[in-house]
Structures are given as C-alpha cells and as structure tokens.
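K.L.:
Okay, sequence plus prediction incoming.
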Amino acid sequence: MKDRIVRATAANGGIRLVAVLTTESSLEAKKRHGLSYLTTSILGRAFSASLLLASSMKIMNGRVTFRVRSDGPLKGLLVDAGRDGKVRGYVGNPDLELDLIKTNSNKFSFNFKKSFGTGYLTIIRDNGFGEPFTSTVELVNGNIAEDLASYLYHSEQTPSAVFIGEKIENKNFICSGGLLAQVLPKKDTDPLLVSLLEERCKEINSFSEDLFQSKDNLLSLIKNIFPDIDDKSISEKARTQEVRFECKCSKQRSLNAMRMLDKNELEDILKKEGKVELVCEFCKNKYLISYEEIKAMIKS
C-alpha cells in the first residue's frame, strides 16, 4: 500500500487523530542517500513527525521544516514536509550505525539518544503568507516521538500524544509511521478529554508492533486506540491523502543558484573547471551546468 495520511476525530470532535504511513518514502530516502538501518529509521521517524504536524495546516501549500542540530554522530537532520503530503529530507551522517541497546522489556532498540547527543529541535511552520512561525525546544532523547510531544507541549500548549515507530525484520525495512492524538484547542480546558486521551494511550504497549499488525490499515490503527471515532465528522476526501517522497529541485533552480554568484566567481569556475555539477542535498539528484551556460551567465 502507498504511503498515506488518515484523519479522524473522537469524543464528539474534541480529539483530533491523525495517522501516517511513511514506509515507501523512507525506503526512497534510503536508496537515494545510502542510509543505514539506523539512519533510515531516524529519517523515517522525522518524516512521520513532520507530516503529522503539516496535516493540521489550513492551506495546501503550507509547509513544515523539521530541523535537529546536535553534537551527536548523526550530525543533525533536516526534513521539509507539506500539507500536500510531499516530504523530503536528509541526515548529516547517512551511513551511521551503532550497537543496539536493550530496553526495559528485554528487547533491542536503536540507540537514538547516542545518535543525536544533546541539541535542539527547531520547527518552522510556513503558511505561505506573512512571517513563518519558528519555535525551538531542547531534545528529550532523540526518538523523535517524545521530542515532538515536547515541542507541542512547550510551544503550542496542546495536550497531545505522539507515537512513532518502525518495523525491521530479517534485515528488511517493513514499515514506518506515526500517530498523533490531540485535544483540540477549543476543548483543551476539559479535564475529562485530557484524561480520556491519557487513558486510551496507556493501552499502547508497542506502537511499532501495532503499526505492523495493522497491515497498512491506518484507520484500523486509529480504532485500536479510539474505537468510537466520529465517522461522519470528516469528509471522505479530507479523511485520507497520499504521501510521497518528492523534491522541488530542478535544473532551473540550479541555474538560479549559480546566478547568485558574482562575475569573478563564475569566471574562476569557467577557467578552472569549465563546468560544474550541483547535487541536491535533499534528494541527491545531480545537475550539470555546462561551459556554455556559465558563459551566458557571465555575459548577462
């Protein structure tokens, strides 16, 4: 099944629920960037988090930038996600791999905390008009879900529960996705709704396993937590949406970037190289700027 976002509400519209599948997008990023299992999982989690945030934006061209700057061996990450379901991103050290650590339940997990080290998560919301809204919080533990929950609590004061995970089996990346449950702003003073959210979320023992068992059925995943969703509160068109890895880079954008150099720099490139190859950091697409194109820039 293709990556998707599914939306629903519960408690008579008091709780917003969004689930996202990012398996294919994560695998596309793995192929393009040469990611390890660890960095595929980290970028997949960041994809899920960014898309969950973008899903609540009012306009289709709204975008969310999800950036981590930290002192760990991952060397940070950057993800760009849109309300339209398009996502792209990269990590600083794509082939990073660390020893697994044992969890309290005697299972093994990726060492996200060591990967990130200490640092900050910055979220930028751009609605396409006015100044983008920017907020920065300190990293909690690098597993993305708790870091996003911390952002929502400190920056948006919205009671929220965030679950993000993946399943890797026999060296195959099986699935990746996330779930966001929020008490809506107009309802956030209702202690009963907050208690309901807390109680339902306590029933999730392993989100990664629940995601795997749902067999890509995101509505089923949501109903595992809130079986009494408001089925008629969201139109079918708004309920589900396709997600895909897609970059905005192009040859024309590369030419525009080159034009930002001054004449002396262009002449130096022409003299020493005769051409230049630009590589998009988000998707690794390569664009060759020829001798004739550089010469035309100098003339203009």
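P.N.:
Noted; the coordinates are in hand. Numbering: from 1, shown residues only.

K.L.:
in the stretch 151-300 of the chain, which segments are predicted with low confidence?
P.N.:
186-189, 231-238 (pLDDT under 70).

K.L.:
quick one: the helices in it?
P.N.:
Assigned by DSSP state H, counting those that start in this stretch, the stretch 151-300 of the chain shows helices spanning 191-202, 207-213, 218-225, 236-239, 251-258, 263-272, 291-299.

K.L.:
cool, and the stretch 1-150 of the chain?
P.N.:
23-33, 37-54, 112-116, 145-155.

K.L.:
about what we covered before: let me have the helices of the stretch 151-300 of the chain in CSV, adding mean neighbour count and distance to Ser56 as columns.
P.N.:
(Each C-beta comes from the backbone N, C-alpha and C, glycine too.) Listed next are the helices of the stretch 151-300 of the chain as CSV, based on neighbours: other CB atoms under 10 Å; distance: least, CB to CB, whole Å:
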stretch, mean neighbour count, distance to Ser56
helix 191-202, 14, 16
helix 207-213, 19, 20
helix 218-225, 20, 15
helix 236-239, 9, 12
helix 251-258, 14, 28
helix 263-272, 13, 43
helix 291-299, 14, 42
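
K.L.:
Minimum distance to Ser36: which of the ones you listed has it?
P.N.:
Between Ser36 and the helices of the stretch 151-300 of the chain, the shortest gap by CB to CB is with helix 207-213, which sits at 18.0 Å.

K.L.:
Need the residues that contact the closest one.
P.N.:
Helix 207-213 is contacted by residues 163-167, 174-177, 179, 204, 221, 224 when judged by CB atoms under 8 Å, 6 or more residues apart in numbering.

K.L.:
can we see that at 6 Å?
P.N.:
Phe163, Gly165, Lys167, Cys175, Gly177, Asn224 (CB atoms under 6 Å, 6 or more residues apart in numbering).

K.L.:
JSON lines please, covering the helices of the stretch 151-300 of the chain and showing distance to Ile124.
P.N.:
Compiled in JSON lines, these are given as follows (distance: least, CB to CB, whole Å):
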{"stretch": "helix 191-202", "distance to Ile124": "27"}
{"stretch": "helix 207-213", "distance to Ile124": "26"}
{"stretch": "helix 218-225", "distance to Ile124": "26"}
{"stretch": "helix 236-239", "distance to Ile124": "25"}
{"stretch": "helix 251-258", "distance to Ile124": "20"}
{"stretch": "helix 263-272", "distance to Ile124": "29"}
{"stretch": "helix 291-299", "distance to Ile124": "31"}
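
K.L.:
quick one: which of those helices is nearest Phe108?
P.N.:
Taking those one by one with CB to CB, helix 207-213 is closest: 12.2 Å.

K.L.:
Strands - which of the contacts of helix 207-213 land there?
P.N.:
Among the contacts of helix 207-213, DSSP state E puts Phe163, Gly165, Lys167, Cys175, Gly177 in strands.

K.L.:
Which residues are in contact with the first one?
P.N.:
With contacts defined as CB under 6 Å, 6+ apart, the neighbours of Phe163 are Ala145, Leu179, Phe207.

K.L.:
Might one say that the second one is in contact with Leu21?
P.N.:
Read it as Leu179. No. Leu179 is beyond contact range of Leu21, at 10.4 Å (criterion: CB atoms under 6 Å).
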